[in-house]
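Undergrad: What would the 3D arrangement of this be:
(one chain, ligands or ions: 1)
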Amino acid sequence: MAKILVTGGAGYIGSHIVNLLRSTEHEVVVYDDLSTGRRESVTFGRLVVGELEDIEKLEGLIQEERFDACFHFAGSIIVPESVENPLKYYNNNTQNTLDLINLCVENNINKFIFSSTAAVYGEPAGGVCTEETSTNPINPYGRTKLMTEWMLQDVAKAHKDFEYIALRYFNVAGASVDGRVGQCSPLSTHLIKLACEAALGKREELLIFGDDYETRDGTCIRDYIHTDDLARAHLDALDYLLGGGKSEVMNCGYGNGFTVKEVIDVVKRVSGVNFRVKVAPRRDGDPPVLMSKTEKISKKLRWKPKYNDLSVIVKTALDWEREL
Ligand SMILES: NC(=O)c1ccc[n+]([C@@H]2O[C@H](COP(=O)([O-])OP(=O)(O)OC[C@H]3O[C@@H](n4cnc5c(N)ncnc54)[C@H](O)[C@@H]3O)[C@@H](O)[C@H]2O)c1
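TA: Got it, this is the predicted structure:
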């Protein structure tokens, strides 16, 4: 049994990990300022409402609870916003994480699991990434995440007891199969969520950004991973670290690619609604293909995804969106 601090546990992804932690013996405290998360999304453990920047409060909590491990989800995640307001991102993603890592090192929290992103790869040649693919983020959001990976790497090297896993998520989608948690953010830019909104009449049309890429139907190809499988990867990472595993960076996707048009077709088929779709110009910084190689996580963590099926991802997202 471990005592776990979950920053950002009231948000989209953190809430799925907390929901899955219900089935374990671990004790959970969520620390979240509810800036984009929701109180109702914390289905297990204790919620402490607080900001990462409130170091005194966070330190008080850490000293009181004496955690064994930290899952760090709290952060800012909207790429275009990071271009317009980079300092918000360097503050919330880099500075606040630096302060958190510092508190962890000072207070003997030596297992750290970090939400990184495929955005650290930027626009990789060929579009299929192993963990060795060179990193070259093309926006402040991706840079803040890569900077955090570097901090963790250096800290783990200097502090022998400190071990971390950085999971580089590809396109996270869907909602928990038990229907308890899902994506709530009104500012979400995620394709599957927006397509579900269109299918349910919550938006008039769905935009495809560019249909002249060099792909099988001209639209971008992405690697979509179900939230419950992503959550399982975090628990596997925790078990690995608690069992004495060493620090690693790992891709977290299925290694399958779907075009934007293929995703839209699945949402139309599963919902039974032929919603309106319009082609808009390409956006800056969208690589034609972004997919993961997943050998490392399968081998090191023995991670076995259960929901590697786009129809299942879409069905859970639709069911969730209907109830919102
Ligand atoms: N959603 C994705 O597809 C995706 C992909 C790659 C990486 N990630 C990473 O996963 C993590 C979680 O993403 P998400 O989609 O769940 O986002 P989210 O916005 O739903 O969740 C973030 C949570 O952190 C909290 N938070 C933010 N700043 C805080 C602060 N300063 N102090 C305390 N709480 C704070 C928010 O209230 C929210 O509950 C992020 O670090 C993000 O960069 C997400």
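Undergrad: List the buried residues for the longest helix anywhere in the chain?
TA: In the chain, with assignment by DSSP state H, the single longest helix is helix 140-158. Of all the residues in helix 140-158, those buried under the rule 16 or more other CB atoms under 10 Å are 140-149, 151-152, 155-156. C-beta: built from backbone N, CA, C; applies to glycine.
Undergrad: Helix or strand next in line after it, which one?
TA: Downstream of helix 140-158, the first helix or strand assigned by DSSP states H and E is strand 163-169.
Undergrad: how about the residues of the stretch 1-150 of the chain near the ligand?
TA: Applying CB under 6 Å from any ligand atom, one finds that the stretch 1-150 of the chain approaches the ligand through 8, 10-14, 32-37, 51-53, 73-75, 77, 92, 96, 115, 117.
Undergrad: Please repeat the previous calculation with a cut-off of 8 Å.
TA: Residues of the stretch 1-150 of the chain lying near the ligand by CB under 8 Å from any ligand atom: 7-15, 31-38, 41, 50-54, 72-77, 92-93, 96, 115-119, 141, 145.
Undergrad: Buried only: go through these for me.
TA: Here, 16+ other CB under 10 Å leaves 7-15, 31-33, 36-37, 41, 50-52, 72-77, 92-93, 96, 115-119, 141, 145 buried among these.
Undergrad: Among those residues, which are located in strands?
TA: Counting by DSSP state E, those place 7, 31-32, 72, 115-117 in strands.
Undergrad: residues in contact with the least confident helix or strand in the chain by mean pLDDT?
TA: Within the chain, no helix or strand scores below helix 79-84, which has a mean of 92 by mean pLDDT, DSSP states H and E. Here helix 79-84 makes contact (CB atoms under 8 Å, 6 or more residues apart in numbering) with 76, 88-89, 119, 139-142, 144, 189, 285.
Undergrad: cool, and stretch 174-185?
TA: Against stretch 174-185 from outside (CB under 8 Å, 6+ apart): 11-12, 15-16, 19, 36, 38, 41, 43, 190, 192-193, 226-228, 231, 307, 312-314, 316-317, 319-321, 323-324.
Undergrad: filter those to the buried ones?
TA: By 16+ other CB under 10 Å, the contacts of stretch 174-185 give 11-12, 15-16, 19, 36, 41, 43, 190, 192-193, 226-228, 231, 307, 312-314, 316-317, 319-321 as buried.
Undergrad: so how far is the ligand from the residue of the chain most remote from its centre?
TA: Centroid-distance maximum for the chain: residue 274 at 29.5 Å, with CA atoms, centre = their mean. According to CB to the nearest ligand atom, to the nearest Å, residue 274 stands 27 Å off from the ligand.
Undergrad: OK, contacts around that residue?
TA: residue 268.
Undergrad: could you measure it against residue 268, distance?
TA: For residue 274, the distance to residue 268 equals 6 Å [CB to CB, to the nearest Å].
Undergrad: cool, residue 38 as well?
TA: Residue 38 is 29 Å from residue 268, by CB to CB.
Undergrad: again with residue 28
TA: Counting by CB to CB, the gap from residue 28 to residue 268 is 38 Å.
Undergrad: Looking at the two, which has the bigger crowd around it?
TA: Applying other CB atoms under 10 Å to residue 28 and residue 268 shows that residue 28 carries more neighbours, namely 22 against 17.
Undergrad: and the closest residue to the more buried one other than its chain neighbours, how many residues sit next to it?
TA: Excluding its sequence neighbours, the residue lying closest to residue 28 (CB to CB, 6 or more residues apart in numbering) is residue 45, at 3.0 Å. Other residues near residue 45 come to 17 when the count uses other CB under 10 Å.
Undergrad: quick one, what contacts residue 45?
TA: 6, 9, 18, 21, 27-30.
Undergrad: before we move on, what about residue 25?
TA: residue 1 are the contacts of residue 25 under CB under 8 Å, 6+ apart.
Undergrad: could you dump the ones in strands among the buried ones among the residues of the stretch 1-150 of the chain next to the ligand to TSV with distance to residue 167 and pLDDT?
TA: Below are those laid out as TSV (distance: CB to CB, whole Å; pLDDT from 0 to 100):
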residue	distance to residue 167	pLDDT
7	15	98
31	19	98
32	19	98
72	11	98
115	7	98
116	6	98
117	9	98
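Undergrad: quick one: stretch 172-189 near the ligand?
TA: Yes - on the criterion CB under 8 Å from any ligand atom, stretch 172-189 is in touch with the ligand at 172-173, 183-185.
Undergrad: where does the stretch 151-300 of the chain come near the ligand, residue by residue?
TA: 168-173, 183-185, 190.
Undergrad: Tell me how this structure divides into domains.
TA: When the chain is parsed with automatic domain parsing, its domains come out as 3-173+224-252, 191-222+255-290+297-323.
Undergrad: Pull up the distance across the shortest one, start to finish.
TA: This means domain 191-222+255-290+297-323. The straight-line separation of the ends of domain 191-222+255-290+297-323 (CA to CA, to the nearest Å) is 19 Å.
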